[in-house]
Each structure stands twice: as C-alpha cells, then as structure tokens.
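Asks: Make a model of this:
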Amino acid sequence: MKKSRGRTGRKRGRKRLQSFMGGVNCSHKLEYIKLKKWLKDRGFEDSHLRPAQFWDTGRGLMATKALQAGDLVVSLPEKCLLTTGTVLSSCLGEYIVKWKPPVSPLIALCTFLIAEKHAGEKSLWKPYLDVLPKTYTCPVCLEHDVVSLLPEPLRKKAEEQRATVHELYMSSKAFFSSLQPLFAENTGTIFNYSALKWAWSTINTRTIYMKHSQRECFSLEPDVYALAPYLDLLNHSPNVQVKAAFNEQTRSYEIRTNSRCKKYKEVFICYGPHDNQRLLLEYGFVAMNNPHSCVYVTSDTLLKCFPPLDKQRNAKISILKDHDFLENLTFGWDGPSWRLLTALKLLSLGADEFTCWRRTLLGDVISARNEQQTLTVTAKICHFLIEETQRALLQISQLKRNKENLKKHLALVEALRLEDLKILQKSAEIICNLNMATT
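Replies: Numbering: from 1, shown residues only. Below is the predicted model:
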C-alpha cells in the first residue's frame, strides 16, 4: 500500500505542479516588494496578479484567482502613471518651458527617464526604474550583423527606426546641454546616445495610449504617452481581447479582460492584431503561432518573375502603383493574400487581355490561361522566399556559433525566420492544391 505523503507533501506537490503548469512566483523578490509598497503609497490596491517567470514568455503577471470575461484585471491610479505632467512638475519643468523651439513630449519623457536613472537612490521613481529592462531587443538596439539578417521589408523599417532615433539624439543635444546646472557631471556623459536608445525603447515598448491636452511648452507632436508601472509587466498574446482605457470617474487606468484566464496561468493583454514583423519592430519580440503573421513580398521580388520584354510591363506597374497594389502583398497561414494574387493576375495579363485590367482589380476571372499563369508565378515567388529564408537561417546558425555575444538577438531573428518558413511552406502546399484543382 502506497504511503500517504501527508499535508506538507501534498502542499509541496501542488506547488511543484503550479510551478510547472503556470509560472514561478517572483513576488518575494526585493525589487517587486519595493515596487508594490511604492505603488500602495500612491493609492494602488493589490490586485489578483503576481509577478512571475514563465518558461515561454519570460517575466509576466500570473493570476492568483480564475478570471472571467468582464473582470477588472488591474486598476492603476493616476498618481502611479508617468506622463509629461510628471516631467513638468519635476526640476526639468522650468528648463523645458524655457527651451525654444519646444521639445517633443517624447523627448521630455526620455530626458526624465535618463535623469531619474542617473539620480539612482535619490530618484522618487527608483522602485519602478529598478524593474525596467536594462536592455531591449527592438531594432534600434540590435547590432548591424543581426539587422542585416532580417527579411528585407523589416530590414528597411529597422534602418529607418535607427536613423530616426539617431536624428532625435542629434537634434536634442543642445537641449541636453542646457540642463547642465542640474548636474555635477557633464551632461554629455549622462545624456549619451546609449542612454537615449534605452529611454526611447522604454517608452516605445512599454507606454500605454493616453491622450493629454496640448501644452504650449511642447512641440505639436501628439502627447499620448503614459508609462504604467506594474501594468506594463503584462505580456502580449494575439489570442486574447481586453478593454483598456483611463476611467475619468475613478481617475485610474483600467484593464478589463474579455477572455477567461485560469488560476496560476499568465494573464495577457493584446497590443493589437500585429504580425510578427510589426511586433519585432515596435516591441522587440515575436509571438509564436501568431494568427496575424505573414510574409511580405517586395515589389522587386514580384517583378523579378516577369519578363522585362513585356511591352505592357511599365503600364502594368504604373496601374499597380496608382491603385496601391505594390504594397502589403503577403503570404499568410491561409496562403497568398487576395492583394498578392490580384497584382500577379494583372502582371500576367496577355497582350490581348490588357484592356481588362480594371476587371482584374475588381477580382474578375479573365481567362483560364491567366489564372494558371498567376498560380505558376505565385508558386515561383513562394519557393524563392523559402530558399531565401533557409539561407538566412543557415547564416544565423553559423553566426550563433561564432558570436556568443549576439546569441540572444540572433535567437529572436531565428524565431521570426522559422515562423516565416512555416507560413511559406503552408502557402506552397495551398498553391499546389489550387494548381491540382485547376488542371
């Protein structure tokens, strides 16, 4: 007869199971104890959420009770939010008000974060700053070797992001210098490019949308940022729905879930119906099995598959450009998108069919030949992208062996490319089935 484990043994067993099935509770860690006390002093009432470490998503928040659709997940008082109002009421306020031309709300928040981080123990926001990531993985923080391995459309956006943040830094250096009276150390050392990248990434990846009235001391860019301590530990899932907004009655930012969540499971919010390229660009992560994921086809890739001797080629390209059919051409989990097929149908029109181009854009079937040619070219593009993705994965694998310091960033790009490969292979299968059905 099996010996009973007793109450203590059963408790340990339940804890082990909870740890395996859910996350490892981290609320006993000093940084979270200090954060919760700091929030409580500002009016935050403890919710049914606990900081935890999850094997698949990393740090997040765990439910300590089952949540039903419509339940209030978290309510964060206005006093806990970090906004441009917070910045203006700090010692930076008078310098921002005096500076001409006015700084943007974004730069004001970046400046505050850098200054408070530099203040260390003296900062009133230290308990929050201590739980913020030390580094980020959005493209502006990635090494050039890693960015070069991104799919072409994302690589271009990544380069634009890096250029934008660098320009933001260069254009703000004079303002940073004006803050010298506040610091014993040289402002050039405090407000360096690395510090700005960290602050910009903190705001870009963690702020909630909260519209503020326009202030004369800021530039005309929308003031829509708010950093929300504790609430920003919630991770994204494309499979949940939430309602999030500032409640004017309670003067709190509230999140209600439209999805159920079991006890000891991770509580998620949804940042929006974003594909993985957008998630990596804006937030620095990818979501596996993301239903919104897709692989983009560039206009260059599209046109490579058509003979340059086609006399109507330039006219066809012009029509596609005028009707916005050279952008957002994709392969998804359900195969080639309607936009991609439509663009390819128009490019596949024979000389005697060209006058039917308007009908093509409306989705009409022009001829059996045109339909077959479109599927043939679609398959060709799909296989080209599969080969390109496989080459990139091989390069990533080699780089991971040679550059230990880039392993984390390379793993992120690898995850994106592997998801792309799955989508393309699924699309190839769908195209093959369509081909079989039409022949």
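Asks: need the helices for the stretch 201-350 of the chain, in chain order.
Replies: Ranges of helices in the stretch 201-350 of the chain, per DSSP state H, counting those that start in this stretch, are 276-283, 299-304, 313-322, 338-347.
Asks: residues in contact with the second one?
Replies: This means helix 299-304. Residues from elsewhere that reach helix 299-304 (Cβ atoms under 8 Å, 6 or more residues apart in numbering): 317, 326, 327, 329, 343, 344, 347, 381, 384, 385. In short, each C-beta sits where N, CA and C put it, glycine included.
Asks: Any quick PyMOL command for the buried ones out of those residues?
Replies: Restricted to buried positions by 16 or more other Cβ atoms under 10 Å, the PyMOL selection for the contacts of helix 299-304 reads:
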select buried, resi 317+326+329+343+344+347+381+385
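Asks: Just name the closest of the contacts of helix 299-304 to residue 187, please.
Replies: residue 327 (42.1 Å; Cβ to Cβ).
Asks: so what's that closest one up against?
Replies: residue 299.
Asks: And it, how close does it get to residue 159?
Replies: 18 Å (Cβ to Cβ, to the nearest Å).
Asks: Buried residues, stretch 312-323. List them.
Replies: In stretch 312-323, counting by 16+ other Cβ under 10 Å, buried: 312, 316, 317, 319, 320.
Asks: Distance to residue 397 added to those residues, as CSV?
Replies: As requested, those are exported to CSV (distance: Cβ to Cβ, whole Å):
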residue, distance to residue 397
312, 43
316, 39
317, 37
319, 42
320, 37
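Asks: Count the neighbours of the residue lying closest to residue 128 once chain neighbours are set aside for me.
Replies: The shortest distance from residue 128 to any non-neighbouring residue, by Cβ to Cβ, 6 or more residues apart in numbering, is to residue 229 (4.4 Å). Around residue 229 there are 23 other residues, counting by other Cβ atoms under 10 Å.
Asks: now swap in residue 183 and tell me
Replies: For residue 183, using other Cβ under 10 Å, the count is 14.
Asks: Torsion angles phi and psi at the closest residue to it other than its chain neighbours?
Replies: Leaving aside its chain neighbours, residue 183 sits nearest to residue 190 (6.1 Å; criterion: Cβ to Cβ, 6+ apart). Reported as degrees, to the nearest 10, the phi and psi values for residue 190 are phi -70, psi -50.
Asks: Please apply the same query to the one 3 residues further on.
Replies: Residue 193 adopts backbone torsions of phi -60, psi -40, taken as degrees, to the nearest 10.
Asks: okay but it is in contact with residue 169, surely?
Replies: Yes - using Cβ atoms under 8 Å, residue 193 is in contact with residue 169, at 5.2 Å.
Asks: between these two, who's got more neighbours?
Replies: Legend: neighbour count by other Cβ under 10 Å for residue 193 and residue 169, higher for residue 169 (20 against 12).
Asks: so the nearest residue to that one once chain neighbours are set aside is in which element?
Replies: Of all residues not flanking residue 169 in the chain, residue 196 sits nearest, at 4.8 Å (Cβ to Cβ, 6+ apart). Using DSSP states H and E, residue 196 sits in helix 193-206.
Asks: who does that helix touch, helix- and strand-wise?
Replies: With contacts taken as 3 or more Cβ pairs under 8 Å, 6 or more residues apart in numbering; DSSP states H and E, helix 193-206 sits against helix 105-119, helix 152-178, helix 276-283.
Asks: Could you identify which of those is most buried?
Replies: helix 105-119 (a mean of 23; mean count of other Cβ atoms under 10 Å).
Asks: I'd like the average pLDDT over the helix or strand just after it.
Replies: For helix 105-119, the following helix or strand on the C-terminal side (DSSP H and E) is helix 126-129. The average pLDDT within helix 126-129 is 98.
Asks: Which secondary structure elements does helix 126-129 sit against?
Replies: helix 30-41, helix 105-119.
Asks: Of all the residues in it, which ones are buried?
Replies: 126, 127, 128, 129.
Asks: Contacts made by that helix with the rest, please.
Replies: 31, 34-35, 37-38, 82, 113, 116-117, 119-120, 123, 227, 229.
Asks: what distance separates that helix from the centre of its chain?
Replies: 23 Å (Cα atoms, centre = their mean, to the nearest Å).
Asks: following that helix, which helix or strand shows up next?
Replies: Next in line after helix 126-129, if elements are assigned by DSSP H and E, sits helix 144-147.
Asks: Since that was my last question, I'll sign off now.
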